[in-house]
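S.K.: model this:
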Amino acid sequence: MTENDGFGNNLVWLSVLVQRRYAQVCADHDLTPVQATLLCVIKDQPQGMGELAQVLGVAKNALSGLVDRIERRGLVHREALQRDRRAVTLSTTALGKEIVDALYADVAQRMPDIAGALPADERHQLANSVARITAALTASPMPDAAFPKADSEQSSG
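M.R.: Predicted structure coming up:
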């Protein structure tokens with residue numbers, strides 16, 4: 001047995017704790033986690049619906065329903081591109097921006113409490129490690145690119 005035998009299991013449980021906390025923060029802002037994530041993705045820059053579906057890992061028709069619900073609340077608006085009227089971008093409204101900014105502040109304040117049992121130097125080290133992992137995984141153009149293929153898949157090409 002090595003000290004990392006339970007690492008995968010511990011990561012899963014940490015994920016559960018993070019997701020629960022995030023869901024509570026979102027609920028406090030009258031958002032579902034997927035609505036909040038969508039608003040965070042378009043917070044500073046409008047995105048096309050196809051790009052959003054890929055980033056969020058949802059089908060385009062599911063995304064349309066999600067967008068319909070938060071558009072009715074006045075949090076986002078769709079805009080057809082002049083060069084292709086079928087292509088639509090999504091951006092936050094002033095109210096949507098206000099809500100997502102408040103959500104960001106609340107997440108920044110409440111999520112780090114999960115690591116509150118750690119001494120300050122270990123929290124700092126964890127924060128740096130999480131930042132590096134996140135940067136490496138989100139730098140990939142495709143979400144699946146973060147997960148290496150098995151050796152047999154890599155060699156067949």
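S.K.: Would you check how far apart residue 39 and residue 6 are?
M.R.: 35 Å (CB to CB, to the nearest Å). Any C-beta I mention is one placed from the backbone N, CA and C, and that applies to glycine too.
S.K.: The two: which is more packed in?
M.R.: residue 39 (24 against 11; other CB atoms under 10 Å).
S.K.: This protein: strands as residue ranges?
M.R.: Taking DSSP state E as the test, the strands found in the chain are 47-48, 76-80, 88-92.
S.K.: Serialize the ones you listed to TSV and add fields for distance to residue 62, mean neighbour count and mean pLDDT.
M.R.: What follows is those, written out as TSV (distance: least, CB to CB, whole Å; neighbours: other CB atoms under 10 Å; pLDDT from 0 to 100):
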stretch	distance to residue 62	mean neighbour count	mean pLDDT
strand 47-48	16	15	90
strand 76-80	16	15	90
strand 88-92	14	19	91
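S.K.: So which of those strands is nearest residue 35?
M.R.: strand 76-80 (9.5 Å; CB to CB).
S.K.: And stretch 47-55, what's buried?
M.R.: Buried residues in stretch 47-55, counted by 16 or more other CB atoms under 10 Å: 47, 49, 52, 53, 54, 55.
S.K.: Return the member of the residues you listed nearest to residue 73.
M.R.: Distances from residue 73 to the buried residues of stretch 47-55, taken by CB to CB, are shortest for residue 52, at 17.2 Å.
S.K.: tell me the contacts of the closest one?
M.R.: By CB atoms under 8 Å, 6 or more residues apart in numbering, the residues touching residue 52 are 38, 41, 42, 63, 90.
S.K.: and the gap between the last one and residue 76?
M.R.: Between residue 90 and residue 76 the distance is 5 Å, computed by CB to CB.
S.K.: Between the two, which contacts overlap?
M.R.: Contacts common to residue 90 and residue 76, judged by CB under 8 Å, 6+ apart, are 42, 67.
S.K.: Now rank the contacts of residue 52 by neighbours and give me the top one.
M.R.: residue 38 (27 neighbours).
S.K.: So what's the predicted local confidence for that residue?
M.R.: At residue 38, the pLDDT value in this model is 94.
S.K.: got it, and residue 93?
M.R.: 96.
S.K.: Same check on the one 4 residues further on?
M.R.: In this model, residue 97 is scored at 96, pLDDT.
S.K.: Low-confidence regions, this protein specifically.
M.R.: 1-4, 84-85, 140-157 (pLDDT under 70).
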